[in-house]
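Participant: sharing a model prediction with you, sequence too.
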Amino acid sequence: MNSNKKSRKEVLVENRIHKLKKIISKAEKEKNNELILEATEAIAFIECSWNQRFTDDYLEQEMKLVCNRTRPEQGLKENKNKVCIFHDGFGVDMWSGLMYIYVSALLSLGYQIIYITNEDKKDSQPEFHKAMEGENIVYEYYQMCGMNRIRQAADIDYIIKKYTPSIAFLYIPPWDTSSILAYSWNENIKRFFINATDHTFWVGKSAFDVCIEFRNYGAAISEQYRKIAHKQIAILPFYPVVNQNIEFQGFPFQTEGYKILFSGGAPYKTYDKNNSYFKMVDSVLSKHRDVIFIYAPQSSELRCKEVKAKYPDRFFTVEKRKDLFQVLKRVYAYISTYPIMGGLMTQYAVVAGKYPFTVWNEDAQGLVLGEDERTLFYDTIEDMENDLDKALDNEEYLCQKEKKLEGRVISEVEFRRELAKIIKYDESKYKVLQVDGDVNYLQRTMKERFGYSYICNRAISRDESRPQLLKYFPILFLKKEFQVACILLKDIFARKKSCE
């Protein structure tokens, strides 16, 4: 049997990407910049989930060609030393992601922050706005412009020139072509790219001067696979934003007398062909009758129906918790997802002083500080379960493990100090080491869980539509129009019924 024979999934993905590249090639001949950007976004969206590659020179070259054709004639004439753009392409509130810790540090370093995100996010960050009251921050929202990427980029460029910053931080999704375009135009600003999705594919190498990685594993991928120059890479670990003030909201079930194990994350992080994660949970609950297992957030996509039915009084899924830190302070231990671990959740657990029972893989590298970090993790899910059994039977044994967690996450003060060094010297005290960027496990896991129809179709007809691209996929166009019509009809009937 030929081991190199491609699977049906591989053939389908490659055919879809090949078709999209043919569309780009045709659009390039016609100098149709908008279609090039739409198709580039679609490929990046697919590649980000497929994750068998980390960059694509063809797409990067096309981005440069579009940049050169559309570059505004007048560049930035001056730079104000203490003015900093923070461009947030995610636009989530302060308790998620890395936005808040960077903005907070930059304000502490004396910068005026020009915070840019798109107009759709205007009302989605109440906690962030509340925390920023009285701070030296200006909010700017670029127009969606009917999803025209060139016009979006022009609107971002207008904001940049309005404030004449000396530096800019880009915190954007892997396929954000309009933002890439705008910052590629502005080469006279010192541009820092926050590589939050370090283990996935992304486009945009022309949009930054310094790539900030949070660990050496990500730096190795950037240097070895994305071919980013060593001198362009800096390391700055992150820390989780902990809301110490919010009170514990309790649990909607009886927990007294039980040891609580807590876990959580996106459903896909628990997917493998054997459903190993929830089989492990089943095994632990069967052996330890004094244990309750809680998973957040609730989702119909979790493959846990059997274990939930088997232990209705000891297995629970709950909504995403705003009081996550208080929850973790009250549980017995944190269990990471498998086969893909939860990075930020692991850090939350460590800060809360709870041992993160986690299976090691390449993606776990650099999530906690210390040269001995590898010793905190397990080789297999079976090893993890065996040690968890021991910890559940012996609380003193668990306490000894928890003592190893001190100082494993960077402090807010040190984060701010090292960020200042990166701004000034392009490097921090965390040196970029020549580590092995082994991605075999990561690629195998991502390929296994990849859903072709869902990802590839959504890449063409996402919520932020790609109108020019849809013309090349008429069936998807008709499906989307049908879905929109159904939603409109449902709304009409609902309003008609309410008026009766």
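Facilitator: All right, it came through fine. Only a predicted model underlies this, so the values are computations on that prediction, with no experimental measurement involved. Numbers count the residues shown, from 1 in each chain.
Participant: quick check: end-to-end length of stretch 26-42?
Facilitator: 16 Å (C-alpha to C-alpha, to the nearest Å).
Participant: buried residues in it?
Facilitator: Of the residues in stretch 26-42, those buried by neighbour count under the rule 16 or more other C-beta atoms under 10 Å are 27-28, 32-42. No exception for glycine: its C-beta is placed from N, CA and C like everyone else's.
Participant: likewise for stretch 394-404?
Facilitator: Those would be Leu398, Lys401, for stretch 394-404 by 16+ other C-beta under 10 Å.
Participant: ok now it, how far from the chain's centre?
Facilitator: 32 Å (C-alpha atoms, centre = their mean, to the nearest Å).
Participant: name the helix or strand of the protein that has the lowest mean pLDDT.
Facilitator: Across the helices and strands of the chain, mean pLDDT, DSSP states H and E gives its lowest value to helix 474-499, namely a mean of 62.
Participant: redo the buried residues of stretch 26-42 as a markdown table? Include secondary structure, distance to Asp379 and pLDDT.
Facilitator: What follows is those, written out as a markdown table (DSSP: H, G, I helix; E, B strand; the rest coil; distance: C-beta to C-beta, whole Å; pLDDT from 0 to 100):
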| residue | secondary structure | distance to Asp379 | pLDDT |
| --- | --- | --- | --- |
| Ala27 | helix | 48 | 97 |
| Glu28 | helix | 48 | 97 |
| Asn32 | coil | 52 | 97 |
| Asn33 | helix | 50 | 96 |
| Glu34 | helix | 49 | 95 |
| Leu35 | helix | 48 | 96 |
| Ile36 | helix | 46 | 97 |
| Leu37 | helix | 44 | 96 |
| Glu38 | helix | 44 | 94 |
| Ala39 | helix | 42 | 96 |
| Thr40 | helix | 40 | 97 |
| Glu41 | helix | 39 | 94 |
| Ala42 | helix | 38 | 94 |
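Participant: just the closest of these to Phe450, please.
Facilitator: For these, the closest approach to Phe450 (C-beta to C-beta) belongs to Ala42, at 15.4 Å.
Participant: can you pull the phi and psi angles for the closest residue to Trp175 other than its chain neighbours?
Facilitator: Of all residues not flanking Trp175 in the chain, Ala44 sits nearest, at 3.7 Å (C-beta to C-beta, 6 or more residues apart in numbering). Per-residue torsions, Ala44: phi -60, psi -40 (degrees, to the nearest 10).
Participant: residues touching Ala44, list them.
Facilitator: Leu59, Pro174, Trp175, Thr177, Phe201, Trp202, Val203 (C-beta atoms under 8 Å, 6 or more residues apart in numbering).
Participant: and if you look at Ile233?
Facilitator: Taking C-beta under 8 Å, 6+ apart as the test, what Ile233 contacts is Val210, Cys211, Glu213, Ala219, Ser222, Glu223, Val432.
Participant: cool, and Tyr102?
Facilitator: Phe86, Phe169, Tyr171, Ile194, Leu419 are the contacts of Tyr102 under C-beta under 8 Å, 6+ apart.
Participant: one more time with 10 Å, if that's ok
Facilitator: 84, 86, 88, 113, 169, 171, 192, 194, 212, 236, 238, 415-416, 419 (C-beta atoms under 10 Å, 6 or more residues apart in numbering).
Participant: out of those, which is nearest to Trp360?
Facilitator: Phe238 (19.9 Å).
Participant: how many neighbours does the closest one have?
Facilitator: 21 (other C-beta atoms under 10 Å).
Participant: can you tell me the closest non-neighbouring residue to it?
Facilitator: Phe238's closest residue in space is Phe214 (C-beta to C-beta, 6+ apart), at 5.0 Å.
Participant: still on that earlier bit, would you turn the buried residues of stretch 26-42 into CSV with distance to Glu371?
Facilitator: What follows is these, written out as CSV (distance: C-beta to C-beta, whole Å):
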residue, distance to Glu371
Ala27, 50
Glu28, 48
Asn32, 52
Asn33, 48
Glu34, 49
Leu35, 50
Ile36, 46
Leu37, 44
Glu38, 46
Ala39, 45
Thr40, 40
Glu41, 40
Ala42, 42
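Participant: list just the nearest of the residues you listed to Gln232.
Facilitator: Nearest to Gln232 among the buried residues of stretch 26-42, with distances taken as C-beta to C-beta, is Thr40, at 21.9 Å.
Participant: mind checking how far that closest one is from Gly451?
Facilitator: 22 Å (C-beta to C-beta, to the nearest Å).
Participant: do Lys305 as well
Facilitator: Relative to Gly451, and taking C-beta to C-beta, Lys305 is found at 19 Å.
Participant: more neighbours, the two?
Facilitator: A count of neighbours by other C-beta under 10 Å puts Gly451 above the other of Lys305 and Gly451, at 13 against 10.
Participant: could you verify my assumption that that one touches Leu12?
Facilitator: No: judged on C-beta atoms under 10 Å, Gly451 makes no contact with Leu12 at a distance of 11.2 Å.
Participant: for the stretch 101-250 of the chain, what spans make up the strands?
Facilitator: 112-118, 137-142, 165-171, 190-194, 210-213, 233-235 (DSSP state E, counting those that start in this stretch).
Participant: using a markdown table, lay out the ones you listed together with mean pLDDT and distance to Ile23.
Facilitator: Formatted as a markdown table, the strands of the stretch 101-250 of the chain follow (pLDDT from 0 to 100; distance: least, C-beta to C-beta, whole Å):
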| stretch | mean pLDDT | distance to Ile23 |
| --- | --- | --- |
| strand 112-118 | 97 | 25 |
| strand 137-142 | 96 | 26 |
| strand 165-171 | 96 | 27 |
| strand 190-194 | 97 | 27 |
| strand 210-213 | 97 | 29 |
| strand 233-235 | 96 | 33 |
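Participant: residue nearest the centroid of the chain?
Facilitator: Thr197 (5.2 Å; C-alpha atoms, centre = their mean).
Participant: any weak-confidence spans in the chain?
Facilitator: Low-confidence segments of the chain (pLDDT under 70): 1-4, 75-77, 145-146, 363, 462-464, 477-500.
Participant: between the buried residues of stretch 26-42, which sits nearest Gln244?
Facilitator: The nearest member of the buried residues of stretch 26-42 to Gln244, counting by C-beta to C-beta, is Glu41 at 39.0 Å.
Participant: on that earlier part again, so how far is Ala364 from the residue nearest to Phe238?
Facilitator: 13 Å.
Participant: overlap in contacts of those two?
Facilitator: In contact with both Phe214 and Ala364: Gly343, using C-beta under 10 Å, 6+ apart.
Participant: now do the contacts for the residue lying closest to Leu469 once chain neighbours are set aside.
Facilitator: Nearest-residue entry for Leu469: Glu38, 4.3 Å, with adjacent residues in sequence omitted and distances by C-beta to C-beta, 6+ apart. Glu38 sits next to 20, 23-24, 27, 32, 147-149, 177, 460, 465-470, 472 when contact means C-beta under 10 Å, 6+ apart.
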